[in-house]
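Asks: give me coordinates for this.
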Amino acid sequence: MSDLSFMRVSGREIAPHVDDLAELRIRVFRDFPYLYDGDLDYERDYLATYVNSARSLAFLVHEGQRLVGATTALPLADEEPAFRKPLADAGFDVARVFYFGESLLLGDYRGHGLGHRFFDEREAWARQAGDFSHACFCAVQRPADHPLRPADYQPLDAFWQRRGFVRRDDICATYRWRDIDGAQETDKRLTFWLRRLDE
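Replies: Here you go, the predicted model:
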């Protein structure tokens with residue numbers, strides 16, 4: 001792990017890294033619970049949201065020239081309506097919420113503290129980016145008896161709680177993608193997790 005290098009890029013600076021980020025998202029999100037059958041063109045469109053946000057963050061982890069990990073964040077006001085509306089409907093001021101996108105890490109690089117580093121980086125970025133009261137992210141909900149759930153799967157709920165986030169089962173987004181065992185896109189339910197940044 002000593003050969004890793006770290007880079008923070010924001011807004012238009014993310015553009016040269018979009019394809020590497022897209023490929024990493026496709027690879028990591030094939031695993032349970034996302035089971036995402038990714039598409040490079042779709043990923044480029046998705047990541048354009050971060051390129052077009054002046055206060056976005058992509059924190060990149062490289063080993064040599066290879067992207068092995070990344071995490072992203074941006075003001076919720078710059079996100080898609082699918083993610084803005086549930087918070088607005090729940091009474092939050094969307095202009096004061098920072099949205100934490102993905103945390104991506106190849107399997108060989110897990111268990112070395114990078115998950116905490118990802119949260120540290122995003123929280124520090126959000127605090128300097130403006131007057132934000134909350135950070136949030138979404139997590140997909142899968143049934144405990146899902147046929148593709150690995151026997152050794154460990155949910156990240158306890159880790160997120162230790163980071164100060166609270167699961168809000170009353171605030172959910174709906175998003176569509178095609179599962180690796182599916183023929184077409186289907187709606188997925190994503191539950192919000194929130195923590196205060198201004199305490």
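Asks: contacting residues around the lengthiest helix in the chain?
Replies: The residue-count maximum for a helix in the chain (DSSP state H) belongs to helix 114-129. By C-beta atoms under 8 Å, 6 or more residues apart in numbering, the residues outside helix 114-129 that reach it are 8, 55, 57, 59, 61, 69, 71, 73, 75, 98, 100, 103, 105, 132, 135, 159, 163, 197. No exception for glycine: its C-beta is placed from N, CA and C like everyone else's.
Asks: and the helix or strand following it, average pLDDT?
Replies: On the C-terminal side of helix 114-129, the closest following helix or strand by DSSP states H and E is strand 134-140. The average of the pLDDT scores along strand 134-140 is 97.
Asks: could the C-alpha coordinates of strand 134-140 be exported in PDB?
Replies: Extracted in PDB, the C-alpha atoms of strand 134-140 (Å, rounded to 0.1, in the frame of the first residue of the first chain):
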ATOM      1  CA  HIS A 134     -25.700  18.300   6.400                       C
ATOM      2  CA  ALA A 135     -23.900  15.600   4.500                       C
ATOM      3  CA  CYS A 136     -25.900  12.700   3.000                       C
ATOM      4  CA  PHE A 137     -25.600   9.600   0.800                       C
ATOM      5  CA  CYS A 138     -27.900   6.800  -0.500                       C
ATOM      6  CA  ALA A 139     -27.600   3.100  -0.100                       C
ATOM      7  CA  VAL A 140     -29.500   0.500  -2.100                       C
END
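Asks: pull the residues that contact that strand.
Replies: 33-34, 73, 76, 83, 87, 92, 96-101, 122-123, 126, 156, 160, 165, 173, 175, 188-198.
Asks: where does the closest residue to H62 other than its chain neighbours land on pLDDT?
Replies: Leaving aside its sequence neighbours, H62 sits nearest to S5 (C-beta to C-beta, 6 or more residues apart in numbering; 4.9 Å). Here the pLDDT value assigned to S5 is 96.
Asks: please apply the same query to the one 10 residues further on.
Replies: The model reports A15 with a pLDDT of 98.
Asks: excluding its backbone neighbours, what's nearest it?
Replies: Nearest to A15 is V51, by C-beta to C-beta, 6+ apart, at 5.1 Å.
Asks: one more: I171?
Replies: With C-beta to C-beta, 6+ apart, the residue lying closest to I171 is F192, at 4.2 Å.
Asks: burial measure for the one you found, as a count.
Replies: As a burial measure, F192 scores 24 neighbours (other C-beta atoms under 10 Å).
Asks: what bridges to it?
Replies: C138, R168 (DSSP bridges).
Asks: show the pLDDT at it.
Replies: pLDDT recorded at F192 is 98.
Asks: residues touching it, list them.
Replies: P86, L87, C136, F137, C138, R167, R168, I171, C172, A173.
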